[in-house]
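> After the sequence you'll find the predicted model.
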Amino acid sequence: IFFFFWGGGMGFRAVMSVYRPLVCLLSHATAARVWRTVTTWSPVAAAFNARVHRRLDLFHQNVGLFGVPELSSVGGFEVVQDRALQETQQLVEQACRCPPGVQTVEIFDKLSDSLCRVADMADFIKVAHPDPSYREASERTCINIGTMVERLNTNVDLCKSLKDLLDNEEIFSKLDPETRRVAELFLFDFEISGIHLDKKKRKEAVNLNVKLLDLSNQFLMSCHMPNRIEKRALPEHIHQHFTKDGNYIQIGGLNADAPDDLVREVAYKVFLYPNENVMHILEELLSCRDKLARLVGYESYAHRALKGTMAKSPEIDNFALTNNLRIKPGLNLPLGVIRAERFNIEPSLYSPYFSLGACMEGLNGLFTQLYGVSLLAEQPSVGEVWSEDVRKLAVVHETEGLLGYIYCDFFYRPDKPHQDCHFTIRGGRQLEDGQYQLPIVVLMLNLPHPTQSAPTLLSPGMMENLFHEMGHAMHSMLGRTRYQHVTGTRCVTDFAEVPSILMEYFATDYRVISQFARHYQTGQPLPQSMVARLCESKKVCGAADTQLQVFYAIMDQVYHGKPQNRSTTDIMIDMQKKYYGLPYVTNTAWQLRFSHLVGYGAKYYSYLMSRAVASMVWKQCFYKDPLNRETGERYRREMLAHGGGKEPMLMVEGMLQKRPSIEDFVNALVSDLEPDFETFIMDSEG
């Protein structure tokens with residue numbers, strides 16, 4: 001059995017579109033049967049379960065992507081880019097002139113907002129837009145804005161204006177805690193960029209950062225490119241499982257959910273087959289990171305990356321958390337083939353209960369009960385979205401009103417990345433006129449399209465991923481920070497995954513699932529025994545999955561630690577022997593598909609640490625009553641509202657009423673693997 005698990009990425013936003021009555025799409029008999037069930041769904045559920053069709057609109061003006069008028073055409077990227085760069089110059093001059101005070105931090109945040117609103121949007125469009133010209137234009141914008149950011153991070157005069165504030169103890173002490181933290185974070189950005197270096201070395205740091213931007217982009221794009229193999233090399237009966245391209249078969253993923261062993265084996269070996277060009281890109285990327293870290297005074301890139309996180313340093317992360325996990329019984333044992341037929345967890349048995357609309361209805365109900373928040377489907381304007389499949393949601397609080405927008409790009413397209421993810425398009429912040437700049441996020445998942453006879457049906461894993469990514473989105477929606485630099489998911493990486501992983505616990509609790517999981521044809525609820533078996537089945541391979549995450553985390557640390565005179569594949573093979581129970585498969589290089597090496601470089605351990613925190617929060621606060629409004633409000637107040645504006649361990653301590661130790665983290669992860677004997681009793685009685 002070939003199976004490798006990647007943790008869910010951070011991710012991005014959600015969108016919604018026009019829909020026609022499902023009755024119009026089906027034969028009369030089928031339509032009548034499905035429509036009777038559809039009419040019981042909420043508006044949000046109906047919007048996601050209905051099939052979207054393109055409508056020709058000749059009477060409304062193109063508003064541009066995300067409502068930015070300039071982006072109604074591909075040339076608009078240069079316009080918004082140049083405007084942001086001009087505004088940047090003005091704000092830099094303003095920051096250098098103003099006396100030390102809260103205004104200094106406000107100007108810095110405006111500067112950050114001006115650049116991020118362009119860069120973040122372009123960063124998303126370059127991977128999501130189906131038009132190559134848009135992708136190319138947005139990629140150029142990303143590079144130009146990124147280059148400016150690196151230059152600003154080594155601007156001595158700009159840094160001095162901030163240091164004058166932090167060095168003035170009398171003024172600095174009077175600032176509110178969030179303003180002080182944001183000021184310190186901006187200074188930290190200067191320091192890790194080498195502001196203390198002489199002019200020649202600062203220029204070298206800028207050049208290295210610019211090169212890293214290009215290498216990172218190349219590596220990310222290559223991670224999702226399919227591999228090809230001649231048709232004749234594969235048995236004909238498995239061709240149907242892959243995309244055909246003339247005399248070739250294209251394989252763009254691991255097909256880990258395929259029931260056919262041969263399909264999984266072929267996908268694994270072909271998709272992970274080494275590419276020498278990509279290998280060179282990765283090794284050059286790691287080399288540049290090491291040079292930059294040492295140039296600015298760090299022992300390694302890992303030391304630079306972990307400063308300011310919950311882990312603090314590679315030693316705490318690598319040797320305390322991951323090695324303690326390795327010695328727990330059952331986590332470091334060799335793995336054989338694990339048989340779990342008794343759980344009867346074939347995804348096709350579950351998916352009829354998890355229509356996309358039903359799952360969205362479940363999320364809507366959960367958020368309403370926990371936070372007083374509703375998800376309302378809106379019709380996008382002409383040109384506002386990049387695909388007809390995209391849906392738009394307004395997030396509305398019962399007393400606070402509109403909190404922001406989520407765009408949902410949920411359906412598979414060949415041009416989309418294969419990874420489920422969440423993107424921040426615009427961060428929230430307090431405006432000068434007293435209004436709040438509403439956040440905008442995108443959620444991107446690869447789900448199957450609806451058919452003529454059924455809506456989109458999710459496997460249990462897809463449903464859990466949807467809950468995970470929506471956790472990221474709500475982190476952005478429910479935050480109300482004063483500064484966009486720390487809004488929502490703009491926080492340290494090992495805390496950013498806590499809200500999304502916590503949502504996975506809700507996604508596997510029957511008290512939550514029972515509110516929405518019902519058969520799309522009959523309306524029958526998902527039996528509790530099936531949910532119990534599903535939860536226990538995850539524990540069958542839970543130790544293996546945790547062991548794999550430990551292996552990934554350590555591998556990530558080794559890549560970003562002291563340079564070794566070996567290829568990344570040779571290092572990986574050696575580490576796999578030491579830290580993972582399954583043997584290496586010859587002529588594969590999974591690290592070349594491990595996109596997290598870019599966004600989570602030296603910080604992949606974050607999934608383990610965040611899962612430990614989420615586990616503690618779930619068990620201590622939500623387990624007894626997962627739909628308790630008082631607990632939901634407390635969670636928002638203590639953890640979600642602050643984004644990155646509060647030291648992460650203080651937020652954890654506020655929620656748990658204690659500061660967890662490394663042993664607490666380890667115990668939380670291990671306790672999740674303990675079997676639930678009530679499930680075995682229920683299963684045997686069933």
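Thanks, I have the structure now. Numbers count the residues shown, from 1 in each chain.

> Partner strands of the helix or strand containing I406 and their direction?
Using DSSP states H and E, I406 sits within strand 401-411. Using DSSP bridges, the strands paired with strand 401-411 are strand 391-397 (antiparallel), strand 440-447 (parallel).

> buried sites along the first one?
What it means is strand 391-397. 391-396 (16 or more other CB atoms under 10 Å). Just so you know, the C-beta spots here come from the backbone N, C-alpha and C atoms, and that holds for glycine as well.

> Also the longest one?
Residues 440-447 are the ones in strand 440-447 that count as buried (16+ other CB under 10 Å).

> confidence score at A31?
A31 is assigned 32 on the pLDDT scale.

> Following the record's annotation, map out the domains of the protein.
37-61+351-491, 68-196 (the TED database).

> Now do the shortest one: distance from first to last residue.
The first residue of domain 68-196 is 39 Å away from its last residue (CA to CA, to the nearest Å).

> any weak-confidence spans in the protein?
1-40, 52-59, 315-345, 417-418, 676-686 (pLDDT under 70).

> what ranges do the strands span in it?
Here the chain has its strands, by DSSP state E, at 227-230, 243-245, 248-251, 373-378, 391-397, 401-411, 421-426, 429-430, 436-437, 440-447.

> Include distance to C535 when you put those into a markdown table, please.
Listed next are the strands of the chain as a markdown table, based on distance: least, CB to CB, whole Å:
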| stretch | distance to C535 |
| --- | --- |
| strand 227-230 | 35 |
| strand 243-245 | 34 |
| strand 248-251 | 32 |
| strand 373-378 | 26 |
| strand 391-397 | 28 |
| strand 401-411 | 25 |
| strand 421-426 | 25 |
| strand 429-430 | 40 |
| strand 436-437 | 39 |
| strand 440-447 | 22 |
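
> For G365, find the nearest of those.
strand 373-378 (9.5 Å; CB to CB).

> tilt between the closest one and strand 401-411?
60 degrees (axes from the mean of the first three to the mean of the last three CA atoms, to 10 degrees).

> residues touching P69, list them.
If you count contacts by CB atoms under 8 Å, 6 or more residues apart in numbering, P69 has them with 63, 76.

> How about the contacts made by V210?
143, 146-147, 150.

> If you count neighbours, what's buried in the strand holding I406?
Neighbour count says strand 401-411 has 403-411 buried, by 16+ other CB under 10 Å.

> what's the answer for stretch 374-389, then?
For stretch 374-389, by 16+ other CB under 10 Å, it's 374-375, 377, 380, 383-387, 389.

> From the opening residue of it to its closing one, how far?
End-to-end span of stretch 374-389 (CA to CA): 22 Å.

> Over to stretch 655-664?
15 Å.

> How far does it sit from its chain's centre?
Its chain's C-alpha centre lies 25 Å from the corresponding centre of stretch 655-664 when counted by CA atoms, centre = their mean, to the nearest Å.

> and if you look at stretch 405-422?
11 Å.

> do the same with stretch 614-624
With CA atoms, centre = their mean, you get 22 Å for stretch 614-624.

> Ok, stretch 374-386 next?
Distance, centroid of stretch 374-386 to centroid of chain: 22 Å (CA atoms, centre = their mean).

> Give me the distance between the two termini of it.
End residues of stretch 374-386 are separated by 25 Å (CA to CA).

> Quick one: which of the contacts of V210 is the most crowded by neighbours?
For the contacts of V210, the largest neighbour count, defined by other CB atoms under 10 Å, is 21 neighbours, found at G146.

> picking up where we left off before, determine which of the strands paired with strand 401-411 approaches N275 most closely.
strand 440-447 (22.1 Å).

> Just the CA atoms of the closest one, as CSV, please.
Provided in CSV are the C-alpha atoms of strand 440-447 (Å, rounded to 0.1, in the frame of the first residue of the first chain):
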residue,chain,number,x,y,z
ILE,A,440,-11.8,39.3,1.8
VAL,A,441,-10.6,35.7,1.6
VAL,A,442,-10.7,32.8,-0.9
LEU,A,443,-11.2,29.2,-0.2
MET,A,444,-9.9,26.9,-2.9
LEU,A,445,-10.7,23.1,-2.9
ASN,A,446,-10.7,20.5,-5.5
LEU,A,447,-14.1,18.9,-5.4
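
> could you check the angle strand 421-426 makes with that strand?
Using the same axes, to 10 degrees, strand 440-447 lies at 160 degrees relative to strand 421-426.
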